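> Below are the sequence and a predicted model; questions follow.
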Amino acid sequence: METIQITQTEVGFKDPFERVISTSKAGGESKESYSIEVAGEGQLTGLSYTVPPFTQGRITASLQVSAMSSQDVKNLNDLAMSMLSASYKEEVKEYEKTSASANLSVWTWFFGGGGASASYEKTKQSMKSKGLTEAQITTLMDAFLEKAKQMSTVNIDFYVNNSANDFAVSGDLYLYTVSGTIKTEKGTAQYRMLADQASAGGPPPSGGGAPSAGTIKLN
């Protein structure tokens with residue numbers, strides 16, 4: 001099966017997020033929490049593709065946005081999951097099967113589906129309702145803060161599978177994003193996480209392109 005290579009540079013991401021880091025404490029008060037300010041599908045800009053019939057396409061690009069790497073997201077996911085009881089772990093796995101947020105599901109699950117935003121206060125209350133202790137929340141949020149501070153521009157590696165179709169497919173890529181602010185007594189940082197799966201083709205939820213295959217890796 002033929003695989004074509006599509007490579008682009010200076011690809012943007014349509015998302016209102018801007019990275020700002022501050023190490024000061026708000027009002028001198030210590031809080032361990034994180035907020036969701038943007039949650040939903042964002043479009044990669046400057047990257048459209050056409051995959052011929054009966055062909056797979058490998059799309060690689062350098063994104064001109066700051067985000068956590070796929071490995072950083074995995075490490076945070078593993079830490080968060082290790083703190084949950086067996087029943088809550090199963091809830092997350094079931095939620096992930098139907099959620100567009102893919103590998104970001106544990107974070108949107110904390111808030112009953114993500115929503116457009118979630119405040120600091122709601123963050124901590126929600127985590128406690130899932131069985132996390134004060135000490136666990138502090139450990140998780142400190143780890144999250146360190147990853148947020150290490151964000152940098154990332155590269156994307158993605159496959160579009162058009163091997164079963166007798167027609168060419170053109171379209172764009174849409175990635176689920178979760179971004180907001182992480183705050184602990186050690187400082188404050190804004191963050192962005194991009195999902196490891198994409199909607200390939202037309203705008204979600206209808207799609208309109210070839211089914212996506214494999215995973216997206218950001219590094």
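Perfect, I can see it now.

> alpha carbons only for contacts and neighbour counts from here, please
OK.

> Run through the residues that contact Lys147.
Residues near Lys147 by C-alpha atoms under 8 Å, 6 or more residues apart in numbering: Met68, Asp72.

> Secondary structure of it: a helix, I assume?
Yes: counting by DSSP: H, G, I helix; E, B strand; the rest coil, one finds Lys147 located in a helix.

> Tell me the buried residues in stretch 123-132?
Neighbour counts using 16 or more other C-alpha atoms under 10 Å place Thr123, Lys124, Ser126, Met127, Leu132 of stretch 123-132 among the buried residues.

> repeat for stretch 145-157
Under the neighbour-count criterion of 16+ other C-alpha under 10 Å, stretch 145-157 has Leu145, Glu146, Lys147, Ala148, Lys149, Met151, Val154, Asn155, Ile156, Asp157 buried.

> Does the first one touch Thr184 like I think?
The one in question is Leu145. Yes: at 7.4 Å, Leu145 counts as touching Thr184 under the criterion of C-alpha atoms under 8 Å.

> For the protein, which helix or strand comes out least confident on mean pLDDT?
In the chain, the helix or strand scored least confidently by mean pLDDT, DSSP states H and E is strand 21-22, which has a mean of 42.

> about what we covered before: lowest-confidence entry in the buried residues of stretch 123-132?
Least confident of the buried residues of stretch 123-132 in the model: Thr123, at 75.

> between the buried residues of stretch 145-157, which is closest to Leu79?
Lowest distance from Leu79 to the buried residues of stretch 145-157 (C-alpha to C-alpha) belongs to Lys147, with 12.6 Å.

> measure that closest one to Ser70 for me?
Here Lys147 is placed at a distance of 11 Å from Ser70 (C-alpha to C-alpha, to the nearest Å).

> State the phi and psi torsions of the spatially most central residue of the chain.
The centroid of the chain falls nearest to Leu194 when counting by C-alpha atoms, centre = their mean (2.7 Å). Torsion angles at Leu194 (phi, psi; degrees, to the nearest 10) stand at phi -110, psi 140.

> element containing the nearest residue to it once chain neighbours are set aside, please.
Among residues not flanking Leu194 along the chain, Thr177 sits closest, at 4.7 Å (C-alpha to C-alpha, 6 or more residues apart in numbering). According to DSSP states H and E, Thr177 maps onto strand 169-184.

> what are the pairing partners of that strand, and which direction each?
Sheet pairing here is set by DSSP bridges, and for strand 169-184 it gives strand 33-51 (antiparallel), strand 187-201 (antiparallel).

> Nearest to Asn103 among those would be which one?
Nearest of the strands paired with strand 169-184 to Asn103, taken as C-alpha to C-alpha: strand 187-201 at 5.8 Å.

> Where does the prediction get shaky in this protein?
For the chain, applying pLDDT under 70 flags the ranges 1, 15-33, 112-120, 199-215.

> neighbours of Lys186, just the number please.
15 (other C-alpha atoms under 10 Å).

> For it, grab phi and psi.
Main-chain torsions, Lys186, degrees, to the nearest 10: phi -90, psi 0.

> Repeat that for Ser101.
Torsion angles, degrees, to the nearest 10, at Ser101: phi -80, psi 0.

> Spatially nearest residue to it, not counting backbone neighbours?
Nearest one to Ser101, counting by C-alpha to C-alpha, 6+ apart, is Tyr176 at 5.5 Å.
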